[in-house]
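1. please work out how this folds:
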Amino acid sequence: MRLRIDRDALAGNWRTLDRLSGTATAGAAVKADAYGLGVEHVVPVLREAGARQFFVAHWSEVADVLAHTSGESTAVLHGVANAEEAAYAKATGAIPVINSLAQAQVWHAAGGGTCHVMVDTGINRLGLSPDEIGSAEVQSLEVDTLLSHLASADEDSPKNDQQLRSFREVVATLPARQASLANSAGIALGPDYHFDLTRPGLALYGGVPRPELDGEIKSVAEIEAAVLQVRNLAAGDTVGYNAKWTAKEPTRIAIISLGYADGILRSWGNSGALHHAGTVLPILGRISMDMIAVDCTKSDVTEGDFCSLFYGLPQAAEKSGLSQYELLTVLGQRFDRTS
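-> The predicted structure follows:
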């Protein structure tokens, strides 16, 4: 199995998002192994394109990013929970995002230094509440970036304006070198949301969270998998677990080396298809852990050939019923990731 990563599309997406960020600079969210595509393939491309600020979720992700950076900023969104994490931040130079008064106290106890601060303006995930920003523990932090995160940027929701107003109020009360509110969808909301730094994630990898980005963002990933076997069915033969598909006429099928253990979940079987040399190969029956059956009656595909699963995220989301985020992050580790 191969997961092909289009380096030019990836770099072009970052440049597009940086341009659409206006006077702000675009960073890059590379958490969850660069949304499933592989830090080792993604970070060097983004660095070459111009990205200088990277974001991960866990401290366990820092080393992999640092292996491909030199002088760029790497920030950990989950912050510092204890002295060990604070010591690791000091040792590596990774920047903690302070999310609570308790984390602020941990960071002060470790000697302080440059950090980011997350304020929760309405998503009610991680982050200090606005009324905690005035506390001595927070005001005495050495804050590089004040961040918040939009809850509904992919929708035309009044929540967006509410969060923007709340964030502006906090920006006025906490000294920080720069402010950052917009994710990929937030960039498309326009310059009011850009501040100094945007933090695209999904759109870097081909996701289109708002219609304004349609036509601007290019598909980055494509999946290819080998044909394990080709067989001929008679009318009445069934395919797969629980015999969910029955041949109405003689049918030629191919068994593909791909399955839900690789992140191609059973929901793909509802209307999904693979392709070979321009021919559509509809998925038949239930997807197995390691195999997918497709109808290849109209194709000359044979054992050993590779078939492709188009992974344009908006279209794949429609076919599979999965979110564009899930489509990327569920991809398994058995793929030979190439770029």
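
2. what sits up against the helix or strand encompassing Ile187?
-> In this structure, Ile187 sits in helix 184-188 according to DSSP states H and E. By CB atoms under 8 Å, 6 or more residues apart in numbering, the surrounding residues in contact with helix 184-188 are 17, 20-21, 26, 150, 153-154, 193-194, 198, 200-204, 207, 209-210, 212-213. The way it works is simple: take the backbone N, C-alpha and C, and place the C-beta from them, glycine included.

3. just the buried residues from those, in ChimeraX please.
-> In ChimeraX, a selection of the buried entries from the contacts of helix 184-188 looks like this (16 or more other CB atoms under 10 Å):
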select :17,20,21,26,150,153,154,193,194,198,200,201,202,203,204,207,209,210,213
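
4. show me the helices in this structure, by range?
-> Here the chain has its helices, by DSSP state H, at 7-20, 31-35, 39-49, 62-66, 83-92, 101-109, 136-139, 158-171, 184-188, 313-320, 324-329.

5. mean pLDDT and distance to Gln229 added to these, as JSON lines?
-> Compiled in JSON lines, those are given as follows (pLDDT from 0 to 100; distance: least, CB to CB, whole Å):
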{"stretch": "helix 7-20", "mean pLDDT": "98", "distance to Gln229": "33"}
{"stretch": "helix 31-35", "mean pLDDT": "97", "distance to Gln229": "32"}
{"stretch": "helix 39-49", "mean pLDDT": "98", "distance to Gln229": "31"}
{"stretch": "helix 62-66", "mean pLDDT": "98", "distance to Gln229": "37"}
{"stretch": "helix 83-92", "mean pLDDT": "98", "distance to Gln229": "49"}
{"stretch": "helix 101-109", "mean pLDDT": "98", "distance to Gln229": "54"}
{"stretch": "helix 136-139", "mean pLDDT": "98", "distance to Gln229": "62"}
{"stretch": "helix 158-171", "mean pLDDT": "98", "distance to Gln229": "51"}
{"stretch": "helix 184-188", "mean pLDDT": "98", "distance to Gln229": "41"}
{"stretch": "helix 313-320", "mean pLDDT": "94", "distance to Gln229": "24"}
{"stretch": "helix 324-329", "mean pLDDT": "95", "distance to Gln229": "27"}
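
6. between the ones you listed, which one is closest to Leu126.
-> Between Leu126 and these, the shortest separation by CB to CB is 9.5 Å, and it involves helix 101-109.

7. which elements pack onto that closest one?
-> helix 83-92, strand 95-98, helix 136-139 (3 or more CB pairs under 8 Å, 6 or more residues apart in numbering; DSSP states H and E).

8. so which elements touch the last one?
-> Just to be clear, that refers to helix 136-139. Under the contact criterion of 3+ CB pairs under 8 Å, 6+ apart, helix 136-139 touches helix 101-109.

9. what's the helix it packs on in contact with?
-> Contacts of helix 101-109 (CB under 8 Å, 6+ apart): 79-83, 85-86, 96, 98, 113, 115, 128, 132, 135, 137-138, 140-141.

10. before we move on, what about stretch 40-58?
-> Contacts made with stretch 40-58 from outside it, assessed by CB under 8 Å, 6+ apart, are listed as 5, 7, 10-12, 14-15, 18, 25-32, 34, 62, 64-65, 67-69, 72-78, 197, 199, 201, 204-205, 337-339.
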